[in-house]
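# any chance you could fold what I've pasted below:
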Amino acid sequence: MDGSISQQGRQRINGKLAELRERQTSQTVEHILEFNKTPMQLKADLDRYVIGQERGKKVIATAIAFHYRRLGQALKETLGANEGDIDLAFRKTRTPKANILIFGPTGSGKTYTCETVSGLVGVPFVVEDLTKFSEVGYVGQNASDILVDLFISAGGNPHVAQTGIVYLDEMDKIATEPGLTRDVSGRGVQKGLLKMVEGVENIVEIGRERIALSTKHVLFIAGGVYDKVEGIVRKRMEEQALQGEWRDYLLTEDLVAFGMERQLMGRFPVRVVYDHLTTRDLKEIMTRSEDSPLKAYAGDLKAWGIDLTFTDEALTEVARRAGKEGIGARGLTSILHRVLLETMYQLPGTHTGSFEVNASYVKAKLTGS
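Numbering: from 1, shown residues only. Predicted coordinates:
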């Protein structure tokens, strides 16, 4: 049987794909036009998932709520002035953009906050690990590959892609290192990101296709540990006889001293510092977050007719042990898996009803750790 598609069949498929893209564009634009969540409402939604980081969530919710409200209002005006031409509206719309820079230890919720808020807003989201990129692509990926990932995340729709959020992970890892004769991982990558972050027209090459994709409406959020920045700020504070929280005195010059390009840092005016998660935070993640790993395990066992519960002391012990892992909330899944492995293996098919885990049980399963 001939598996090739006829010309007529190919035309029908292309027509359906065009209809789908048009409908997707219309739905996305309508969603942005109607976006009206206040910063307080957006933070309240975030609170259901992200535990702790109160100041950080407030800053991020405010920046994102204003970004999409501003974009929606500007698009509405441009669409009205151009007879509803979406393509023309995206090209003509001009809005100020406040990209976000997040500092914080691993596992403190930087990426998770951004992924969650993008879902709450309803826009495409991609995470890019900057340690994989190099200046010209001969060591790793080229910075322009970020646009390809965004395009794919938007279902191949350039209009939808333009409304998305790009999270640049490990931004601190591309700081310029002194003494390198050929800096393939620092300054070159930073310069490659500069125009993209600022917002320019780009050409994305997908196979033989060349697709125009603007980043002027794309919100960029960069995150990193920046473990030496606090020391840099505190040293300057001491020299200038300044008192208070170091995060309140963080300046672009401190980031330049760390090894970041001044121009690039200037494109990230909103700056947020995330704290280490405490034992209490980790405990509340298990009990309050809608993405709690403990709730996920309980749901899995519920499917076998087993009602899993943890005593308060058991929750405290798990949180304490997870904190010792030094990887924040990520440690919870690891600790819970070790605690519940035998339970998950032995109980399905042999036990139904309640099963309570107490602190002694947790300690016994983690003996030697």
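# show me where the stretch 51-200 of the chain has helices.
54-81, 86-92, 110-121, 145-153, 158-161, 187-198 (DSSP state H, counting those that start in this stretch).
# now the ones you listed as a markdown table including distance to residue 304, mean pLDDT and mean neighbour count?
In short, each C-beta sits where N, CA and C put it, glycine included. Compiled in a markdown table, those are given as follows (distance: least, C-beta to C-beta, whole Å; pLDDT from 0 to 100; neighbours: other C-beta atoms under 10 Å):
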| stretch | distance to residue 304 | mean pLDDT | mean neighbour count |
| --- | --- | --- | --- |
| helix 54-81 | 36 | 92 | 19 |
| helix 86-92 | 50 | 80 | 17 |
| helix 110-121 | 29 | 95 | 21 |
| helix 145-153 | 35 | 89 | 20 |
| helix 158-161 | 40 | 88 | 23 |
| helix 187-198 | 48 | 86 | 20 |
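# which one of those helices lies nearest to residue 296?
Residue 296 lies closest, by C-beta to C-beta, to one member of these: helix 110-121, at 14.4 Å.
# can you list the residues that contact that closest one?
For helix 110-121, the external contacting residues (C-beta atoms under 8 Å, 6 or more residues apart in numbering) are 35, 37, 42, 45-46, 49-50, 53, 56-57, 60-61, 64, 68, 102, 104, 124-125, 127, 164-165, 167, 169, 221, 223, 274, 291, 329.
# residue 244 is nearest to which of the helices of the stretch 51-200 of the chain?
Here helix 54-81 is closest among the helices of the stretch 51-200 of the chain (C-beta to C-beta), at 14.4 Å.
# returning to what we had before: filter the contacts of helix 110-121 down to the buried ones and hand me the PyMOL line.
Restricted to buried positions by 16 or more other C-beta atoms under 10 Å, the PyMOL selection for the contacts of helix 110-121 reads:
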select buried, resi 35+37+42+45+46+49+50+53+56+57+60+61+64+68+102+104+124+125+127+164+165+167+169+221+223+274+329
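# wait, which of the helices of the stretch 51-200 of the chain is closest to residue 266?
The nearest among those, by C-beta to C-beta, is helix 187-198 at 9.2 Å.
# packing partners of the closest one?
helix 262-266 (3 or more C-beta pairs under 8 Å, 6 or more residues apart in numbering; DSSP states H and E).
# contacts made by the helix it packs on with the rest, please.
101, 190-191, 193-194, 197, 252, 255-256.
# that helix: what's the following helix or strand?
Note on helix 262-266: by DSSP states H and E, the next helix or strand toward the C-terminus is strand 270-273.
# state the mean pLDDT of that next one.
What strand 270-273 shows for mean pLDDT is 96.
# quick one: the strands in the stretch 151-300 of the chain?
165-169, 201-206, 209-214, 219-224, 270-273 (DSSP state E, counting those that start in this stretch).
# in the stretch 101-250 of the chain, where is pLDDT below threshold?
Across the stretch 101-250 of the chain, the ranges flagged by pLDDT under 70 are 134-142, 177-185.
# isn't residue 108 right next to residue 277, touching?
Yes: using C-beta atoms under 8 Å, residue 108 is in contact with residue 277, at 5.8 Å.
# find the residues that touch each one of those two.
Common neighbours of residue 108 and residue 277 (C-beta under 8 Å, 6+ apart) are 328-329.
# the closest residue to residue 242 other than its chain neighbours: how many residues sit nearby?
Ranked by C-beta to C-beta, 6 or more residues apart in numbering and with sequence neighbours excluded, the top spatial neighbour of residue 242 is residue 249, at 5.8 Å. Using other C-beta atoms under 10 Å, residue 249 is surrounded by 15 other residues.
# let's number from 16 now, not from 1
Done: numbering now begins at 16, and the last item shifts to residue 264.
# what residues are up against residue 264?
So residue 264 contacts 248, 251-252, 257 (C-beta under 8 Å, 6+ apart).
# okay if I get these as a markdown table plus distance to residue 353?
Shown next, in a markdown table, are these (distance: C-beta to C-beta, whole Å):
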| residue | distance to residue 353 |
| --- | --- |
| 248 | 38 |
| 251 | 44 |
| 252 | 42 |
| 257 | 45 |
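# buried ones among the residues you listed?
248, 251-252.
# excluding covalently adjacent residues, which one is nearest to residue 49?
residue 87 (7.1 Å).
# wait, residue 374
residue 328 (3.9 Å).
# what's the first helix or strand after the helix or strand where that neighbour lies?
Assigned by DSSP H and E, residue 328 falls within helix 327-340. In the C-terminal direction, the helix or strand that comes right after helix 327-340 (DSSP H and E) is helix 345-361.
# tell me the buried residues in that following helix?
346-347, 350-351, 354-355, 358-359.
# now do stretch 273-280
Applying 16+ other C-beta under 10 Å to stretch 273-280 flags 273-276, 279-280 as buried.
# hmm, back to that, using PDB, list the CA coordinates for the helix holding residue 328.
Extracted in PDB, the C-alpha atoms of helix 327-340 (Å, rounded to 0.1, in the frame of the first residue of the first chain):
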ATOM      1  CA  ASP A 327       2.700  15.900  63.200                       C
ATOM      2  CA  GLU A 328       6.000  14.600  64.700                       C
ATOM      3  CA  ALA A 329       6.600  12.400  61.600                       C
ATOM      4  CA  LEU A 330       6.100  15.400  59.400                       C
ATOM      5  CA  THR A 331       8.600  17.400  61.400                       C
ATOM      6  CA  GLU A 332      11.200  14.600  61.200                       C
ATOM      7  CA  VAL A 333      10.800  14.300  57.400                       C
ATOM      8  CA  ALA A 334      11.100  18.100  57.100                       C
ATOM      9  CA  ARG A 335      14.200  18.100  59.300                       C
ATOM     10  CA  ARG A 336      15.900  15.300  57.400                       C
ATOM     11  CA  ALA A 337      15.000  17.000  54.100                       C
ATOM     12  CA  GLY A 338      16.600  20.200  55.300                       C
ATOM     13  CA  LYS A 339      19.800  18.300  56.000                       C
ATOM     14  CA  GLU A 340      20.000  17.300  52.300                       C
END
